[in-house]
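Participant: starting from these lines, generate the structure:
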Amino acid sequence: MQVGDYRVEIVPDTEFRLDGGAMFGVVPRNLWSQVCPPDEQNRIRMNMNCVFIDTGSEKVLIETGIGDKWSPKQVAMYGIDRQRTLAESLSTNAGVSPEEVTIVINTHLHFDHAGGNTSLDHSGAAAPTFPNARYFVSKAELDHAEEPSERDRASYLADNWRPLRLSGQLQPKERDYEVLPGLRMETHAGHNRSMQCWRLEQHGQTLFGFADLVPMRAHVRYPWIMGYDLYPVETLESKKRLLPQAAREGWLCLFYHDPDEPLCRLIERENKIEVLPVSNV
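Facilitator: Residues are numbered from 1 along each chain as shown. Next up is the predicted model:
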C-alpha cells in the first residue's frame, strides 16, 4: 500500500502461541475465549506483523519477529509454526532481501519483537541478519534489557542485540525521535517504561503501530490489558489517550500480534472503541 510518498508492506513472521490468561490479565477466560479461542494448553494464536517501509532512499524494517534461534523444546512450548523464514516473507511481501534493508527498528527488545535481529551463522553463533542495516532502539530500552526486572527477565535474550553492538550496527536513540521525514518513534509507558510505538504521517495520512500497548484487535477494549505489562495502569492511561484520537482522526492502526486482521481502523461509538478491518472500510 502507499502512505503518502512511501510504499508500506506488512511482513508477517510466523504464528506462535502464548497463554491466553497472560495475554488478557484480569479479564475472565469466559470472555476472552469468545474472541480468541484457546488450545488444549490454554494458548491463543498470535502472529508478528513486521512492517517494511520503502522511502526511495531508505528501506526500513520495523520489528523482526521471533527469529529462528530456537530449540525443538522451545518451538513446542511457544507453538511456533514457521512456514517460511522472515527473509522469505520479506522477499515475497516486499520484494527485498535482508542485504537491502538499511534501517531496522525495534519498539523494544522482547524476543518476539527482536528475535530476527540476528541469525545463527555457520559456526552456530548469533550474527546480524541484516548486514548492511543500522539498528535503532531507544537507549532506555537497551539499558532495561541489560538489567531487566525479575518479572520480564525471560523476555530478553542477549543474542538478539549484543552481536549488533559488536558489529557497530546498533544505534541507541532518544525516547522520542524522528527516524526519517514523517516516521517517528514515541515512548508510551505501560508494557514497560521504555517501549515505543511508531507513527508514520504523510500527506494527511497516519499509520500507527501500537506494538505491545494494544497487541491485538481484542485489546482495544480499555480494561483488556496483558498480564505481562509491568505498569497496567499506565497502559490504560495510554490507551485512553491514543485510541480515541485514532478513531477521531481516522488513523490506520497496526496491531502487531493479531493473527488475522492486523491492519484496521477504529470508530468510537457510545464511548466504546470498535474495530473495522481495512477490508470493510
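
Participant: contact partners for D5?
Facilitator: 55-56, 182, 202-203 (Cβ atoms under 8 Å, 6 or more residues apart in numbering). Using the backbone N, CA and C atoms, a C-beta is placed for each residue, glycine as well.

Participant: and if you look at S149?
Facilitator: L230.

Participant: now stretch 154-172: buried residues?
Facilitator: 155-157, 159-161, 163-164, 169-170 (16 or more other Cβ atoms under 10 Å).

Participant: quick one: mean pLDDT over it.
Facilitator: Mean per-residue pLDDT for stretch 154-172: 98.

Participant: could you give the separation of that stretch from the chain centroid?
Facilitator: From the chain centre to the centre of stretch 154-172 is a distance of 17 Å (Cα atoms, centre = their mean, to the nearest Å).

Participant: who's in contact with it?
Facilitator: 67, 69, 109-112, 114-115, 117-118, 125-128, 133-139, 142, 145-146, 148, 228.

Participant: quote the end-to-end distance of it.
Facilitator: Stretch 154-172 has an end-to-end distance of 22 Å (criterion: Cα to Cα, to the nearest Å).

Participant: stretch 244-261 too?
Facilitator: 20 Å.

Participant: show me what the lowest-mean-pLDDT helix or strand in the chain is packed against.
Facilitator: When the helices and strands of the chain are compared on mean pLDDT, DSSP states H and E, strand 272-277 comes out lowest with a mean of 92. For strand 272-277, the packing partners by 3 or more Cβ pairs under 8 Å, 6 or more residues apart in numbering; DSSP states H and E come out as helix 232-249, strand 263-269.

Participant: then it to CSV, C-alphas only?
Facilitator: Extracted in CSV, the C-alpha atoms of strand 272-277 (Å, rounded to 0.1, in the frame of the first residue of the first chain):
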residue,chain,number,x,y,z
LYS,A,272,-16.6,2.4,23.3
ILE,A,273,-13.8,1.8,20.7
GLU,A,274,-14.7,-0.6,17.9
VAL,A,275,-12.5,-2.1,15.2
LEU,A,276,-13.1,-2.1,11.5
PRO,A,277,-10.8,-4.3,9.4
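
Participant: sheet-wise, list the partners of it with their directions.
Facilitator: strand 263-269 (antiparallel) (DSSP bridges).

Participant: pLDDT of the strand it pairs with, averaged?
Facilitator: 96.

Participant: can you give me the helices for this structure?
Facilitator: 20-24, 29-35, 72-77, 86-94, 111-114, 139-146, 162-167, 232-249 (DSSP state H).

Participant: list phi and psi for R151.
Facilitator: phi -70, psi -30 (degrees, to the nearest 10).

Participant: and it, how many residues sit next to it?
Facilitator: Applying other Cβ atoms under 10 Å, we find 11 residues neighbouring R151.

Participant: now do the contacts for it.
Facilitator: Residues near R151 by Cβ under 8 Å, 6+ apart: L230.

Participant: ok, back up a step: just the buried members of the contacts of D5?
Facilitator: Buried among the contacts of D5 (16+ other Cβ under 10 Å): 55, 182, 202.

Participant: please report how far the spatially closest residue to A211 that is not a sequence neighbour lies from N192.
Facilitator: Spatial nearest neighbour of A211, excluding adjacent residues (Cβ to Cβ, 6 or more residues apart in numbering): T107 at 3.9 Å. Distance check for T107 against N192: by Cβ to Cβ, to the nearest Å, it reads 11 Å.

Participant: winner for burial among the helices of the chain?
Facilitator: helix 111-114 (a mean of 26; mean count of other Cβ atoms under 10 Å).

Participant: what does it contact?
Facilitator: Under the contact criterion Cβ under 8 Å, 6+ apart, helix 111-114 has outside partners 16, 48, 63-67, 106-108, 137, 155-157, 160-161, 211-212, 256-257.
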